[in-house]
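In: Below: sequence and its predicted model.
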Amino acid sequence: MPQKPDPRFLAITAHDLRGAVGVLDGAMKELTREVSSNNADAVKLATMMTRSTQRLLMLGDRLSVLARLMDSAELELGEPTDLAALVKEATTRAFSAHARRTLRLRVDAPPAPVLVALNGQSMSAAISELCVLFCSFSQSELVVKVASDGATAQVSFDSDNPSESVQRALRDRTSTTQANAGIALAEAVVSRHNGKLQLSENDGSNAGLSLILQRAQ
């Protein structure tokens, strides 16, 4: 019978990948500073390479989270964390690496902290995956909202794309597409936080996903 994959292999691979790409990312930032803004081709190339290193860093995050999910039945949750701050950081990083130039990101969050007991690395990776997914769906603006009703905290991703194919992709959990890979990772992480993902449809046209978690007591 096939051997169950060793989560340590994934963890080591993720660590090595992030280390190598981290060096590359640092070198790219230094090179970018030397590129003249008047050299459009060089600026374009530097931007493409910087975005690619960010994508590789996110891939390292995904591998690391997968190793954690495989290694234990429960994630170790840390002290209550401001979910809004985590969402802003994760979505900004994912958006800068994956969004088209014409796409805008808007993150709406309450002024007061929304405290949730989290495993920060895994939740950040899950939110990044959903942001990447909606970057591919959205036409001109991606809206991410953080809200709370007292007992629960919600993070909603809403696209301005009314396409039926978008709604179908969000409903479908069986196909092995990049979109469903991101949703599958997010669902696994959220379930380990005793939360859930919920499909929402706006006026029967646009579709979105909401991530629902229990607030810290």
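Out: Received it, and whenever you're ready, just let me know what you need.
In: In this protein, which residue is most central in space?
Out: Closest to where the C-alpha atoms of the chain average out (Cα atoms, centre = their mean) is residue 128, at 0.9 Å.
In: That residue contacts residue 88, doesn't it?
Out: No. Applying Cβ atoms under 8 Å, one finds residue 128 not in contact with residue 88, separated by 11.9 Å. Using the backbone N, CA and C atoms, a C-beta is placed for each residue, glycine as well.
In: Make sure I have this right: the residue nearest to the centre of the chain is in a strand.
Out: No. Counting by DSSP: H, G, I helix; E, B strand; the rest coil, residue 128 falls outside a strand, being helix.
In: per-residue pLDDT, it?
Out: Reported pLDDT at residue 128 in the predicted model: 88.
In: How about the contacts made by it?
Out: 58, 61, 90, 91, 93, 94 (Cβ atoms under 8 Å, 6 or more residues apart in numbering).
In: which stretches of the protein form helices?
Out: Shown for the chain, the helices assigned by DSSP state H span residues 7-34, 40-71, 83-98, 120-137, 164-171, 178-192.
In: closest to residue 150 out of the ones you listed?
Out: Among the helices of the chain, helix 83-98 comes nearest to residue 150, with 14.0 Å by Cβ to Cβ.
In: who's in contact with that closest one?
Out: Helix 83-98 is contacted by residues 51, 54-55, 58, 103, 105, 107, 109-110, 113-116, 118, 120, 123-125, 127-129, 131-132, 135-136, 142, 144, 146, 153, 155, 213 when judged by Cβ under 8 Å, 6+ apart.
In: what's the answer for stretch 101-112, then?
Out: For stretch 101-112, contacts defined as Cβ under 8 Å, 6+ apart pick out 84, 87-88, 91-92, 95, 99, 135, 138-148.
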